[in-house]
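# Give me a 3D structure for the following:
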Amino acid sequence: MSFQGVRVVDLTRVISGPFCSALLADLGADVIKVEPREQGDPVRGQGVMVGSMSSYFANYNRNKRSIALDLYASEGKAVLAALLARADVLVENFRPDVLGRMGFSAERLKEINPALVHCNINGFGIDGPYADRPAFDFIVQAMSGFMSCNGSAGDPPLRTGVPIADLVCGLYAALGIAAALHDRDKHPQGATLSVSMLASMMSMLSFHATNYLNSGEIAPRTGNDHALVAPYGLFATADGEIAIAPSNDAFYVRLVKALGLEELLVDPTYATNELRVARRSELNKVIENRTRNETSAHWIEVLNRAGIPCGPVYGIGEAFADPQVRGQGVAVAARCQSGPVAIVGLPIRCDGVAREPRLPPPELGEHTEAILREIGYDDDGLSRLRAASVI
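Next comes the predicted model:
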């Protein structure tokens, strides 16, 4: 399971594009991150710094090499053309027509490399009335309807605390690129892909979307409860809260038996899931009257032993300290020039083996000279580019 031998030219910045190319790099691709010569990717200056390295940047740019270029200069564009001629994939997250105005229209890209897989990551799509609008994760969460599903009844719509629109879009882009490379193995020609943050997030609406599309009904916000299932959510214990997710009738029967509430099984008030959803609040109180009598650890042990999905409500620090998380190697160290930077690794294991970072996240322009030599520049060519401030 590897993209070894696949070369990716990465013109992206911030999150959605860099996350896409990081996934390809984690799986073995040679990703060349092309950055503006002076400031680089703006995320380099954000988040917790470890020496000169931003941990935020490191998380999405591990396993890549960096070349810093002035792409407004004709010599810089010539370098990019040479890189693309030897590449398998181009991934970029410019707004529509920006790449064309730089001199790299779809027609020019085909001239440079007919086998190139070109993936554009965008906010709203490559056409339509919003195509030229700037897009950020928060705006897409709001416009996709995703925020309207989060929060409790009576509360305003709520964004997720992580940039989920960026990340989901990056995942889709990586999947599309993988499929295009697979097709290219059978039919030796390139492809042009477009992945929008808006469509990506709307694909995540799950039953909220299908309920609306097929009935016109919109499920209300239910906070930590499930709109379609009851009981389901957070329940108070003697020392905190636990999450319980009995998602069907069989799990409900197991739950009430494990809690010692068998009388609920013969109560016609709660005989079906529809009835339980209608009387969710009072059913939750019955369950909480029992769960409050013991600690979270007690109920997590009892309920999991009974085969009921149940777990603690962690903060991020508690999650990373959990023995299961530690045993799975979720956090890994990227070895940077300024020391190790802790990042979140690839969650895919192949034959039971987790992938450690092959390369540290690059300093700005760290590999410029090596990459240029790979595409044919000699000492004189490098000197000329330096003198013209292209590199």
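# going forward, measure contacts and count neighbours with C-alpha atoms only.
Noted.
# Check which element follows the worst-scoring helix or strand of the chain on mean pLDDT along the chain.
None of the helices or strands of the chain scores lower by mean pLDDT, DSSP states H and E than strand 353-354, at a mean of 80. Scanning forward in sequence from strand 353-354 by DSSP states H and E, the next helix or strand is helix 368-374.
# got the contact list for that following helix?
For helix 368-374, the external contacting residues (CA atoms under 8 Å, 6 or more residues apart in numbering) are 66, 67, 68, 79, 382, 391.
# swap the cut-off to 10 Å and go again
Helix 368-374 has contacts (CA atoms under 10 Å, 6 or more residues apart in numbering) with 32-34, 65-69, 79, 82-83, 86, 365, 377-379, 381-382, 391.
# Okay, and which of those residues map to strands?
Of the contacts of helix 368-374, the ones assigned to strands by DSSP state E are 32, 33, 34, 65, 66, 67, 68, 69.
# how about CSV for those, with neighbour count and pLDDT added?
Listed next are those as CSV, based on neighbours: other CA atoms under 10 Å; pLDDT from 0 to 100:
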residue, neighbour count, pLDDT
32, 24, 98
33, 27, 98
34, 25, 98
65, 26, 98
66, 24, 98
67, 23, 98
68, 23, 98
69, 24, 97
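# biggest separation within these, which pair?
Spanning the widest gap among the ones in strands among the contacts of helix 368-374 are 65 and 69, at 13.1 Å by CA to CA.
# if I look at the two, which residues touch both of them?
Shared contacts of residue 65 and residue 69, defined by CA under 10 Å, 6+ apart, are found at 34, 365, 368.
# Could you look up the SS state of the most centrally placed residue in the chain?
Nearest to the mean C-alpha position of the chain, by CA atoms, centre = their mean, lies residue 167 at 2.5 Å. What DSSP: H, G, I helix; E, B strand; the rest coil gives for residue 167 is helix.
# Now do residue 93 against residue 166, distance only.
As defined by CA to CA, to the nearest Å, residue 93 lies at a distance of 11 Å from residue 166.
# Which one's more surrounded, those two?
Comparing residue 93 with residue 166 by other CA atoms under 10 Å, the one with more neighbours is residue 166, at 30 against 24.
# Surely the more buried one and residue 140 touch.
Yes. Counting by CA atoms under 10 Å, residue 166 does reach residue 140; the two are 8.9 Å apart.
# joint contacts of those two?
Counting by CA under 10 Å, 6+ apart, the contacts common to residue 166 and residue 140 are 123, 196, 197, 198, 200, 201.
# Give me the neighbour count for the fifth one.
The one in question is residue 200. Per other CA under 10 Å, the neighbour tally for residue 200 reads 24.
# Which phi and psi values does residue 47 adopt?
For residue 47, the backbone dihedrals (degrees, to the nearest 10) come out as phi 80, psi -170.
# who touches it in this structure?
53, 54, 55, 56, 57.
# Please name the residues that touch the closest residue to residue 62 other than its chain neighbours.
Among residues not flanking residue 62 along the chain, residue 361 sits closest, at 4.2 Å (CA to CA, 6 or more residues apart in numbering). With contact set as CA under 10 Å, 6+ apart, residue 361 has these partners: 53-55, 57-66, 334-337, 341.
# now do 8 Å
By CA under 8 Å, 6+ apart, residue 361 lies in contact with 57, 58, 59, 61, 62, 63, 64, 65, 334, 336.
# do residue 133 as well
123, 124.
# Where do the helices of the stretch 251-391 of the chain begin and end?
Taking DSSP state H, counting those that start in this stretch as the criterion, the stretch 251-391 of the chain carries its helices at 273-278, 280-291, 296-305, 316-321, 323-328, 368-374, 379-387.
# cool, the stretch 101-250 of the chain as well?
Using DSSP H, counting those that start in this stretch, helices in the stretch 101-250 of the chain cover 106-112, 137-143, 164-186, 197-202, 206-215, 249-258.
# Packed most tightly, which of these would that be?
The highest mean neighbour count among the helices of the stretch 101-250 of the chain, using mean count of other CA atoms under 10 Å, belongs to helix 197-202: a mean of 22.
# CA atoms only for that helix - export them in PDB, please.
The C-alpha coordinates for helix 197-202 follow below in PDB (Å, rounded to 0.1, in the frame of the first residue of the first chain):
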ATOM      1  CA  MET A 197     -15.400  22.500   0.600                       C
ATOM      2  CA  LEU A 198     -19.200  23.300   0.400                       C
ATOM      3  CA  ALA A 199     -20.100  20.100  -1.400                       C
ATOM      4  CA  SER A 200     -17.800  18.100   0.800                       C
ATOM      5  CA  MET A 201     -19.500  19.300   4.000                       C
ATOM      6  CA  MET A 202     -23.000  18.800   2.600                       C
END
